[in-house]
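Q: predicted model follows, preceded by the sequence.
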Amino acid sequence: MAEPVLSVQHLVKRFGGLTATDDLSIEVLPGELHALIGPNGAGKTTAIGQIMGEIAPDSGRILFMGAEITRLSTPARVRRGLSRTFQITQLLEDDTAEDNVALAVQAHAGHSFRFWRDAFRDARLRGPARAALERVGLPEARWGLAVADLSHGERKQLELAVALAGEPRMLLLDEPMAGLGASESLRMTEVLRGLKGRIPILLVEHDMDAVFSLADRISVLVYGHCIASGTPETIRHDPTVRAAYLSEEEAV
Ligand SMILES: Nc1ncnc2c1ncn2[C@@H]1O[C@H](COP(=O)(O)OP(=O)(O)OP(=O)(O)O)[C@@H](O)[C@H]1O
């Protein structure tokens, strides 16, 4: 088997008396779209926070591209190629969609641009920003609009473009379908299908239609512990998973 891009090993995180991740181990393989599912409060966002270095684990290890990153800062992990999106989008409301992505390109490029306004006129930012907007399928007519004027679905697409702006080596997506209507969810599913195979993705998502149609493998979290990991077919028929999480109605 190929060496994992991301290897999460025995992660434990306690918040007071509550164990949010409980001996959590997951592996994401090269090119894989790996979904992390589980009931509300199962520890999915806490897991992403630990992988990104925003939350310090009490114990366990995280390896990225074969190197241990458990104690690295978030910026150091981003420099190594990890990138994430959030459940609630973190965008600059008054700036245009294109400015938001260009700013992310600039942030990734480091200190070679001294002033933001000068920098934005620079094709070195504009080119990659537009490429990222195209990758997430945001229509060009929307690029010049302020974020505040975009629909919720467009903001989710934009946040994905911001995450892609630094050309990361792996994406961590925290509920990209959250709050989307049926047609917006389908659009986002197709956007993710377009990214699939080009970049490894760890996808936290409650939309089971999206998860089962997109994922190469699925890991199921219950009370912070991974109770099963396997292909959608395996997970669909796993009695432990069905008992713990997927109701008859939800199972697809
Ligand atoms: N900073 C914190 N302090 C205390 N408890 C926390 C903190 N962050 C998360 N928790 C708790 O840890 C548990 C796991 O939360 P987490 O947000 O990781 O779950 P989740 O699987 O992402 O849930 P959801 O699907 O609802 O987003 C929950 O019980 C939550 O209340």
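A: Cool, got the structure.

Q: use CA for all of it now, contacts and neighbours both
A: Fine.

Q: tell me which stretches of the stretch 151-252 of the chain form helices.
A: Assigned helices in the stretch 151-252 of the chain, in chain order: 152-164, 182-195, 208-214, 232-237, 239-244 (criterion: DSSP state H, counting those that start in this stretch).

Q: how many neighbouring residues does Lys44 have?
A: Neighbour count for Lys44, taken as other C-alpha atoms under 10 Å: 26.

Q: check contacts around Tyr245.
A: Shown in contact with Tyr245 (C-alpha atoms under 8 Å, 6 or more residues apart in numbering): Gly38, Pro39, Val222.

Q: let's go with 7 Å and repeat that
A: Applying C-alpha atoms under 7 Å, 6 or more residues apart in numbering, one finds that Tyr245 lies in contact with Gly38, Pro39.

Q: for Ala47, same thing?
A: Neighbouring residues of Ala47 by C-alpha under 7 Å, 6+ apart: Thr21.

Q: where's it, which helix or strand?
A: helix 44-52 (DSSP states H and E).

Q: output that helix as CSV - backbone C-alpha positions only.
A: The C-alpha coordinates for helix 44-52 follow below in CSV (Å, rounded to 0.1, in the frame of the first residue of the first chain):
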residue,chain,number,x,y,z
LYS,A,44,-14.7,15.6,13.7
THR,A,45,-14.0,19.3,13.9
THR,A,46,-11.7,18.7,16.9
ALA,A,47,-9.8,16.2,14.7
ILE,A,48,-9.3,18.8,11.9
GLY,A,49,-8.2,21.4,14.5
GLN,A,50,-5.6,19.0,15.8
ILE,A,51,-4.4,18.1,12.2
MET,A,52,-4.0,21.8,11.4
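
Q: for the record, mean pLDDT for that helix?
A: Mean pLDDT, helix 44-52: 97.

Q: which SSE is immediately downstream of it?
A: In N-to-C order, the element after helix 44-52 by DSSP H and E is strand 59-64.

Q: go ahead and confirm Asp98 touches Ala146.
A: Heads up, residue 98 is Glu, not Asp. No - using C-alpha atoms under 7 Å, Glu98 is not in contact with Ala146; the gap is 8.9 Å.

Q: out of the two, which sits in the busier spot?
A: Glu98 (26 against 17).

Q: sec struct for the more buried one, please.
A: Secondary structure, DSSP: H, G, I helix; E, B strand; the rest coil: Glu98 is helix.
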